[in-house]
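Participant: no sequence on this one, just coordinates:
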């Protein structure tokens, strides 16, 4: 379907705005236009056989049913078209509304702040494309606790490694260990398919022990080779439910012959407050033993300043969403990014920007003075045997591509 043959519904309680938008659309070559002044009328139009629009231009502030309530009804009706938000509301309200609609899996082409012109409308209309074909009935495989236990016993859980580099110099300062399941039939299985089950079934401690053994053995090999690369290991909140966890970590590093100052333990802060007192004791003891502590995905979960006040974190990992959106000149997100950077600096924490996808993200970090970076622009997670070859290619990039 060509863009100009799509059916468009305009929903706005102001007849003048409806006429204005209809005129703009007609001048842009769109003539299959339906209008509605009430959300209920628009929903009736959408549910009618043969008249479902491909695109809805939707006002947010309307009596009886506002734009967000209307959108919620779209989800109920399984509407698979696209939507453009049209409103005179504050820009931050528009941003929040767009995120909410996207969270409901509504395809949002963008937002228009009243008053807008024909060129702004055209820019969003040009983004429209037919909805993707519905996915088949296949579902992602769910693994049982018995299968995971079998994987642990057969040492099918392996570690991939993703580099962390110093933004100013490009020097590789560490590697994050990321668990993968080398399944004999299904191939490489990612952690989101089995870690949750391991936590729910009480197997997470065994998973962590195996990851620690793999990762610390590799870290010892790097040390013996004089590479000077630290290791970062993800720790589940369920690992922090027992007071002897610091002793387990201590035992593991002594067995591997690794110094605590080579090891960073990464904790996702979204669940950090589930048992604050126990977490505080366990994490503080880990710091006393010389381990660095990193607060992962900072800003995306139940983050509070009290956590930074109470728990002796030494590193802050800024979530990829804040990094990329700040780079894209989202004023609100950029302010949060700079505030996080400044806060970390004032309390003596190092900073790692996650999800650095391209040269634009990388240049933004350099310009803003971020300490370390991690993401696909640098390297995807890789098995241990690929690290040496990647290091050679990264050093070559530093020489040839002028990225530092």
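Facilitator: Received the coordinates, thanks. Owing to the predicted nature of the structure, the values given are computational and were not obtained by experimental measurement. Numbering: from 1, shown residues only.

Participant: strands of the stretch 301-404 of the chain, start to end?
Facilitator: Taking DSSP state E, counting those that start in this stretch, the strands of the stretch 301-404 of the chain run over residues 315-318, 350-353, 372-373, 382-383.

Participant: which secondary structure elements does the second one sit against?
Facilitator: On a contact count with 3 or more CB pairs under 8 Å, 6 or more residues apart in numbering; DSSP states H and E, strand 350-353 meets strand 315-318, helix 331-346, strand 372-373. (C-beta placed from N, C-alpha, C; glycine too.)

Participant: of those, flag the one that's most buried.
Facilitator: Among the helices and strands packed on strand 350-353, strand 315-318 has the highest mean neighbour count (mean count of other CB atoms under 10 Å), at a mean of 26.

Participant: what's it in contact with?
Facilitator: Here strand 315-318 makes contact (CB atoms under 8 Å, 6 or more residues apart in numbering) with 264, 266, 292-299, 337, 340-341, 343-344, 349-354, 370, 374.

Participant: setting aside sequence neighbours, what's the nearest residue to residue 398?
Facilitator: residue 170 (4.5 Å; CB to CB, 6 or more residues apart in numbering).

Participant: okay, now the unreliable bits of the stretch 301-404 of the chain?
Facilitator: Residue ranges of the stretch 301-404 of the chain with pLDDT under 70: 301-304.

Participant: pLDDT value on residue 50, please?
Facilitator: On pLDDT, residue 50 comes in at 65.

Participant: report the buried residues of the host helix or strand of residue 18.
Facilitator: Element membership of residue 18, judged by DSSP states H and E, is helix 15-27. Neighbour-count burial for helix 15-27, counted by 16 or more other CB atoms under 10 Å, picks out 17-18, 20-22, 24-25.

Participant: who are the contact partners of the closest residue to residue 114 other than its chain neighbours?
Facilitator: Nearest residue to residue 114, sequence neighbours excluded (CB to CB, 6+ apart): residue 88, at 3.9 Å. Residue 88 sits next to 61, 113-115 when contact means CB under 8 Å, 6+ apart.

Participant: how much space separates residue 59 from residue 232?
Facilitator: As for residue 59, its distance to residue 232 is 48 Å (criterion: CB to CB, to the nearest Å).

Participant: can you check residue 87 too?
Facilitator: Counting by CB to CB, the gap from residue 87 to residue 232 is 43 Å.
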